[in-house]
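>>> got a sequence here, can you model it:
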Amino acid sequence: MNRLLYAAVNVVSKNGTLGVDSKPIAVSRIYALEGSVDPEPVFDPKYHLPFDHTGWGSPSSRIEAVQALGHLIWNYFSDEELISAFTRASSDLVPAVRFQVARFLTGLYKQSLKERYWATLREMIEAETTNGVMLGLLESLQAVAGIEPEKTMDAIQQIADRGLSSTDRSETRGALIGIPVGLYAVQGNERARAFLLGVAASPELYASEISSAIFTASHYLDAKDIKDAAKRVRARDLIGQLFAPAREMLVNRVELENTAETNRKLLEIMDSAATRIVFLFGLPSHGVSSNDILNSDQQVALYSEIKPLLEQLLGGGSKAEAVPLMPRTAYYLLQLMNGILDIDPVSVLSFAAATCVGGSYLGFELDPSARDEAVKLVDHALADHKDTLKLSAESVGKLLDLFVKAGWSEALALTFRLDEAFR
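Here you go, the predicted model:
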């Protein structure tokens, strides 16, 4: 019966329009304080652990009451009695109770109890053993990161130093890495950048975190949403710095004696970077929504900003060593080259050749879909860019040679057409 009472109190406490002196809020306050020490739920490790996700099943008295305290602090109160009851729950044995404190912790900040907020956050970080509660703490930290970036980075470093619990779930690690990405892209915070580069330096250990950081940073490349060019430049440069160690390890994989598992992780990082670049261009062939499709002017503008990243990813210049790519990575990139060939034919054909050479390490040229994209690209170049094709002779020759050696007659026919074009 109590749990129903406290659930009702929780609902009333959410209402921020009733007034601090209203009877419903006064009654809710009394019962929320009472419920915060209710014996239900009783901690049971079989039921309450490991708490990797943020659900907790049916309503329980203490959970509902602590939620209500969080709402009351956010909407109405900042006195010591209520704050003490709320923060006391941060050490509750039941993770779902602690999670309520984590998710409502920003109420202390809103009520100008900033030092209490940071002290409680630090204490919870130091003691917390579950990823679910840690995710709640990171979400609260995200809310104040832009206001107090240095204290935020102190907390991020504290979490990183103590380590996260082992789990197959990626939300907590994604939240941990996403905060410094935002701080660097938006504010240029050098501590955030240094933290991220420290993670990127060990791609064999932190592949999923690096991929998550690349994904988050890519959202700051969209000129439709991010009007500040400086933010886009920082995000672009950060992405390049994030995948650079993985790329170098792939290029030097033999000398480094990488294991197959290490190479798999490195390839995944390269795939993360490549696919985010590809989907930024909003090509209809990639199934993006109509709002994400770019017109030709938008593609040209994006290409001018992203070209340095493509050069870093695929290698610039004839002497650059191609980096191995997963076939799906190479396929997406080759689709992109078909979509943007008209913008910069010579460079795009060079990128396409590097893509196919990179993919050939894992048999990309044997796939009929790869053949079709390659043939389409060279056909397009012959039809619309014959005047500049001589400048791309080496690139196109290298690309076609891969498919000719794979036995594709379509590629052989194109080599004859190419010879005629050069005469």
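>>> helices and strands around the helix or strand that contains S13, which ones?
Using DSSP states H and E, the element containing S13 is helix 2-14. Under the contact definition 3 or more C-beta pairs under 8 Å, 6 or more residues apart in numbering; DSSP states H and E, helix 2-14 sits against helix 23-35, helix 61-75. The way it works is simple: take the backbone N, C-alpha and C, and place the C-beta from them, glycine included.
>>> now do the contacts for the closest residue to L366 other than its chain neighbours.
Nearest non-adjacent residue to L366, counting by C-beta to C-beta, 6 or more residues apart in numbering: A406, 5.4 Å away. Applying C-beta atoms under 8 Å, 6 or more residues apart in numbering to A406 gives the contacts 365-366, 371.
>>> repeat that for V323.
Residues in contact with V323 (C-beta under 8 Å, 6+ apart) are 247, 250-251, 270, 313-315, 358.
>>> just the closest of those residues to E139, please.
Using C-beta to C-beta, M270 comes nearest to E139 of the contacts of V323, at 29.9 Å.
>>> the helix or strand that closest one falls within - what's its average pLDDT?
In this assignment (DSSP H and E), M270 forms part of helix 260-280. For helix 260-280, the mean pLDDT works out to 96.
>>> what residues does whatever helix or strand comes next after that helix touch?
Once helix 260-280 ends, the next helix or strand along the chain (criterion: DSSP H and E) is helix 296-314. Residues outside helix 296-314 that contact it (C-beta under 8 Å, 6+ apart) are 221, 223-224, 232-233, 236, 239-240, 243-244, 247, 270, 273-274, 277, 280-282, 294, 322-323, 333, 339-340, 343-344, 347, 351, 354-355, 358.
>>> tell me, how many residues neighbour the closest residue to A207 other than its chain neighbours?
Nearest non-adjacent residue to A207, counting by C-beta to C-beta, 6+ apart: K265, 3.7 Å away. Counted with other C-beta atoms under 10 Å, residues neighbouring K265 total 21.
>>> before we move on, back to that, closest one of the contacts of V323 to F99?
Using C-beta to C-beta, those come closest to F99 at M270, 36.3 Å.
>>> what's the burial count for the closest one?
Neighbours of M270 under the rule other C-beta under 10 Å: 24.
>>> how far away is it from I177?
Note on M270: its distance to I177, by C-beta to C-beta, to the nearest Å, is 18 Å.
>>> how about R193?
For R193, the distance to I177 equals 13 Å [C-beta to C-beta].
>>> cool, and S90?
24 Å.
>>> neighbour-wise, which of these two wins?
Legend: neighbour count by other C-beta under 10 Å for S90 and I177, higher for I177 (28 against 21).
>>> past the longest helix anywhere in the chain, which element shows up next along the chain?
The longest helix of the chain (DSSP state H) is helix 229-251. Downstream of helix 229-251, the first helix or strand assigned by DSSP H and E is helix 253-256.
>>> please tell me the pLDDT value assigned to R3.
85.
>>> surely it touches A65?
No. Using C-beta atoms under 8 Å as the test, R3 is too far from A65 to be in contact (9.3 Å).
>>> so between the two, which is more surrounded?
When R3 and A65 are compared for neighbours, A65 comes out ahead with 32 against 19, by other C-beta under 10 Å.
>>> wait, what's in contact with the residue nearest to the more buried one when sequence neighbours are not counted?
Leaving aside its chain neighbours, A65 sits nearest to G35 (2.7 Å; criterion: C-beta to C-beta, 6+ apart). By C-beta under 8 Å, 6+ apart, the residues touching G35 are 2, 5-6, 9, 61-62, 64-66, 68.
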